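Would you be able to build a 3D model of this:
(4 chains)
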Protein chains: 2
Amino acid sequence: MLSERSKRVLYAVVQSYINSPDPVGSRVVTKRYSFGLSPATIRHIMADLEELGFLTQPHTSAGRVPTVMGYRFYVDSLLTETGHHANMEILHGLYRKLESLKNDIDLLLSETTKNLSILSHYLGIALSPLPDLTTLIRVNLLKYRADKVAAVLFTDEGLIKNKVISLEADITQKDLNRIEAYLNAEFSGQTFDEIRLKVIREMSREKMRCDTLISKAMKICREAITSFPRSELFVAGLSEVIGLPDFADLRKIRELSRAIEDKHTIIKLLDKLTVSEGVQIIIGSENTTDEMRELSIVASSCKEGDKPIGVVGIIGPMRMNYARAMYIVDNTAKFISRMLAGK
Amino acid sequence: MLSERSKRVLYAVVQSYINSPDPVGSRVVTKRYSFGLSPATIRHIMADLEELGFLTQPHTSAGRVPTVMGYRFYVDSLLTETGHHANMEILHGLYRKLESLKNDIDLLLSETTKNLSILSHYLGIALSPLPDLTTLIRVNLLKYRADKVAAVLFTDEGLIKNKVISLEADITQKDLNRIEAYLNAEFSGQTFDEIRLKVIREMSREKMRCDTLISKAMKICREAITSFPRSELFVAGLSEVIGLPDFADLRKIRELSRAIEDKHTIIKLLDKLTVSEGVQIIIGSENTTDEMRELSIVASSCKEGDKPIGVVGIIGPMRMNYARAMYIVDNTAKFISRMLAGK
DNA sequence: TTTAGCACTCTCAATGGTTAAGTGCTAATA
DNA sequence: TATTAGCACTTAACCATTGAGAGTGCTAAA
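Numbers count the residues shown, from 1 in each chain, chains lettered A, B, ... in the order given. The predicted model follows:
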């Protein structure tokens, strides 16, 4: 439907615009990219591309700028290309430093976002896995002061969380040990989601039987699990983004920083990407979220074996260096996956 | 040295400028504040105040704006005033919601920063206490996978931290229990600082004796303690600050967000305030830090009894509503102190 | 099908004039 | 002597105008 020549022109326009934020006119296309055609011809082609929805002009006498469709075309043709062998030794240098954080996923992800933002000059983001899908390996209950218990939850992701639980009544460590054994027997190996359900069911039944030990166990379990932090979002590099010509407007920065503070919006977006394979790209209004309609996301999920372990990515302007971003995100995700696989 | 009349004028100028960001001229002073003097006289006084360094003009034909000295005068006279009884029921409403977080200081502080920024429309900040001064209550070591140990550290601040430690050799839970008992006997009740020192001394001695159990214990202890997170900084409300007329300039926002990302700068500043009593105010370049030379800090430390538990505060422009900020920070600090005291 | 030529449109930067605010100074006043 | 009125001066901010420059679409010729 699109002639080979039109494609080449479109590609050139997008690339030129990504390189510098000036609307690109017919002249620069002929000059910088050797088509062997005059500006007039290019104009014709560009007019066609505009009619088809790939380009727009900010105003009548300006050059053209890609639309979401235009970026999408560009990105899709990037995806079919064979891997970019840009030389980024820095990347490996940076990630080598992270090896020592293997044991602390939160810290690992938070450092990773910093790396992402340093490398890309955009916003680095990372989402730790949804607790629903992580499975519990073991619980340990430790008495802490008279009426408080620290529950230590071990999960299959190397993630360990603790939570202090207040009890009305005093409790002995011995009782705790029995509760602990019971909880482990009952719930270990199951996902948090399953456990949540079971606890709710059990609790409604327990009311009748009134077996204090088990009901206490359930109470502790519920406290520990319901308060288990939702999947956590790490963000870094806002200062990189401020200063980009695309964010010259204060309002845009404000919107972005609000989105970062909300976290909710971004988490929902990334959540969808947890399961998908490879680098995912969402361009501008492809995003249904309103705050994101002028931003693009390049993200990839990390896996430990088959299990999704989190999402890492970059948020930047639509006019993003997609090739570079994809390269960075892809390698980062692979690096983390490999590291967590223990290799 | 400053006549009573001059003081009143200076106070009026600062207050007027805080209320709206226009340089204040002699006319508005006479109009809004009833001095019973003509603009000409006020001009004389303001010229004197400028010569003394309390005021400046942005340009020849503009009104006057307070200097750091001017703000300092204003704030100092605020401090001598009796408490402001502004009615802020919202404040108490907000903080009631935090009661449930008593058991998780990190979460508590992070929510507090949000409250601070909502209430003040400036940047809310909170610093968790320096680990050097917190004392260890107990250690528990839990085996986790074959060659990994989870160390759970209980401190006197309700703060519980865990840390996964990788060992070269396999170890049984039984050995762990003995190590645990040893560590508790040796170190419980001491500050992290003291423990750090002891461990270092012990380790150099251990090399000779080569008692594997103790040397293992020391290794674990060092790992667990040295990696104990430094005092953590929580920040919220950047989007509140963007949009303030004082931050119309993109560069300022960029500087601020860089300072937030660094954390280091702000931590160092707040650290000094940990020990001091009551609300502390640092205005603009009173700050030796360069990034902060156009910002003011209003902060107060929280105490549990005598023990400093952290610092909460607000960062905003020099042209800050100090009275309000002081009120908010003071009450927040007191609220948290009270809550942690168990009342 | 491509291209040269041309009139048209629009932004951007510079210009200049006007207004309004606020000052400092001087001289008169209480 | 302290205060005030009056006045000339300075400056930023606003507005309209202008011209340059860039890029377009259209038409007609190659």
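
how close does the closest residue to A:Y144 other than its chain neighbours sit to A:T226?
Excluding its sequence neighbours, the residue lying closest to A:Y144 (C-beta to C-beta, 6 or more residues apart in numbering or on different chains) is A:A150, at 4.6 Å. All C-beta atoms are positioned from the backbone trio N, CA, C, and that covers glycine. Per C-beta to C-beta, to the nearest Å, A:A150 is found 16 Å from A:T226.

Looking at the two, which one has more neighbours?
A:A150 (22 against 12; other C-beta atoms under 10 Å in any protein chain shown).

so what's the residue of chain A found nearest DNA strand C up against?
Nearest residue of chain A to DNA strand C: A:S61, at 2.8 Å (C-beta to the nearest atom of the strand). By C-beta atoms under 8 Å, 6 or more residues apart in numbering or on different chains, no residues touch A:S61.

Now the phi/psi pair for it, please.
With angles defined as degrees, to the nearest 10, A:S61 sits at phi -110, psi 30.

confidence score at it?
Looking at A:S61, its pLDDT stands at 92.

Wasn't the residue nearest to A:Y144 part of a strand?
Yes: residue assignment for A:A150, taken from DSSP: H, G, I helix; E, B strand; the rest coil, places it within a strand.

Any figure for the gap between it and B:Y144?
For A:A150, the distance to B:Y144 - C-beta to C-beta - is 16 Å.

Would you list the phi and psi of A:I328?
phi -60, psi -50.

okay, and for chain A, where does confidence drop off?
Where chain A drops to pLDDT under 70, the residues are A:82-88, A:157-159, A:206-212, A:227-230, A:343.

Where does the record place the domain boundaries for it?
A:4-68, A:82-130+A:231-340, A:132-226 (automatic domain parsing).

So for B:G310, which of those domains sits nearest?
domain A:132-226 (17.0 Å; C-beta to C-beta).

what's the span of that closest one, first residue to last?
10 Å (C-alpha to C-alpha, to the nearest Å).

swap in stretch A:255-268?
OK, stretch A:255-268 end separation, C-alpha to C-alpha: 17 Å.

Do any residues in it lie close to chain B?
Yes: residues of stretch A:255-268 contacting chain B under C-beta under 8 Å from any C-beta of the partner chain: A:S257, A:R258, A:I260, A:E261.

Can you lay out these as a markdown table showing secondary structure and distance to DNA strand D?
Below are the residues of stretch A:255-268 next to chain B laid out as a markdown table (DSSP: H, G, I helix; E, B strand; the rest coil; distance: C-beta to the nearest atom of the strand, whole Å):
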| residue | secondary structure | distance to DNA strand D |
| --- | --- | --- |
| A:S257 | helix | 26 |
| A:R258 | helix | 27 |
| A:I260 | helix | 31 |
| A:E261 | helix | 31 |
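
And these, which of them are buried?
A:S257, A:I260, A:E261 (16 or more other C-beta atoms under 10 Å in any protein chain shown).

List the residues that contact the closest residue to the last one other than its chain neighbours.
Leaving aside its sequence neighbours, A:E261 sits nearest to B:S239 (C-beta to C-beta, 6+ apart; 5.7 Å). When the contact criterion is C-beta under 8 Å, 6+ apart, the partners of B:S239 are A:R254, A:S257, A:R258, A:E261.

Tell me how many other residues crowd A:D262.
14.

what does chain A have sitting close to DNA strand D?
Counting by C-beta under 7 Å from any atom of the strand, the residues of chain A close to DNA strand D are A:22-28, A:39-40, A:43, A:46-47, A:50, A:57, A:60-64.

again, only this time at 6 Å
Proximity of chain A to DNA strand D, by C-beta under 6 Å from any atom of the strand, involves residues A:G25, A:S26, A:R27, A:V28, A:A40, A:R43, A:M46, A:A47, A:S61, A:A62, A:G63, A:R64.

quick one: which of these is most hemmed in?
Neighbour max across these (other C-beta under 10 Å) = A:R64, 27 neighbours.

Which residues are in contact with that one?
Neighbours of A:R64 in contact, by C-beta under 8 Å, 6+ apart: A:V13, A:P23, A:V24, A:G25, A:M46, A:L49, A:E50, A:L55, A:T56, A:Q57.

and the stretch 51-200 of chain A, which residues reach DNA strand C?
A:H59, A:T60, A:S61.

how about those residues in TSV, adding distance to B:Q173?
Output for these, formatted as TSV (distance: C-beta to C-beta, whole Å):
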residue	distance to B:Q173
A:H59	73
A:T60	77
A:S61	77
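
ok, the residues you listed vs A:T288, which is closest?
Nearest to A:T288 among those is A:H59, at 28.5 Å by C-beta to C-beta.

Find the nearest non-adjacent residue to A:K198, please.
Nearest non-adjacent residue to A:K198, counting by C-beta to C-beta, 6+ apart: A:F187, 7.2 Å away.

actually A:K303, not the one I typed
A:S337 (5.3 Å).

how far away is that neighbour from A:S120?
19 Å.

Then A:V75?
Distance from A:V75 to A:S120, by C-beta to C-beta: 15 Å.

Which one of the two is surrounded by more residues?
A:S120 (25 against 21).

Just the residues contacting stretch A:257-276, thanks.
Here stretch A:257-276 has contacts from A:123, A:125, A:127, A:129-130, A:230-231, A:233, A:235, A:238, A:280, A:282, A:287, A:289, A:291-292, A:297, A:299-301, A:308, A:310-311, A:313, A:315, B:236-239, B:242, B:257, using C-beta under 8 Å, 6+ apart.

Could you list which of those belong to helices?
Secondary structure assignment by DSSP state H places A:L238, B:L238, B:S239, B:S257 of these in helices.

ok, back up a step: turn the buried ones among the residues of stretch A:255-268 next to chain B into a markdown table, including distance to DNA strand C.
Formatted as a markdown table, these follow (distance: C-beta to the nearest atom of the strand, whole Å):
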| residue | distance to DNA strand C |
| --- | --- |
| A:S257 | 25 |
| A:I260 | 29 |
| A:E261 | 31 |
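
does A:L109 really touch A:A236, like I thought?
No: using C-beta atoms under 8 Å, A:L109 is not in contact with A:A236; the gap is 10.2 Å.

higher neighbour count, those two?
Neighbours per residue (other C-beta under 10 Å) separate A:L109 from A:A236, with A:L109 holding more: 26 against 21.

any idea how far the more buried one is from B:S77?
Distance, A:L109 to B:S77, by C-beta to C-beta: 48 Å.

Pull up the gap between A:G305 and A:G342, please.
10 Å.

cool, and A:V279?
Taking C-beta to C-beta, one finds A:V279 at 24 Å from A:G342.

So which of the two has more stuff around it?
When A:V279 and A:G342 are compared for neighbours, A:V279 comes out ahead with 23 against 8, by other C-beta under 10 Å.

Pretty sure that one sits against A:N331.
No: the criterion here is C-beta under 8 Å, and A:V279 misses it with A:N331 at 10.0 Å.

Count the residues that sit near the residue lying closest to A:G237 once chain neighbours are set aside.
Among residues not flanking A:G237 along the chain, A:S117 sits closest, at 2.4 Å (C-beta to C-beta, 6+ apart). Using other C-beta under 10 Å, A:S117 is surrounded by 24 other residues.

Quick check: A:S117 vs DNA strand D, distance?
The spacing between A:S117 and DNA strand D, counted by C-beta to the nearest atom of the strand, to the nearest Å, is 32 Å.

outside of the helix or strand that residue falls within, which residues touch it?
Using DSSP states H and E, A:S117 sits within helix A:105-120. Residues from elsewhere that reach helix A:105-120 (C-beta under 8 Å, 6+ apart): A:88, A:90-91, A:94-95, A:97-98, A:101-102, A:122-128, A:157-159, A:232, A:234-237, A:240, A:309-310, A:312-314, A:316, A:321, A:324-325, A:328-329, A:332, A:336.

Give me the buried subset of these.
For the contacts of helix A:105-120, buried by 16+ other C-beta under 10 Å: A:91, A:94-95, A:98, A:101-102, A:122-128, A:157-159, A:232, A:234-237, A:240, A:309-310, A:312-314, A:316, A:321, A:324-325, A:328-329, A:332, A:336.
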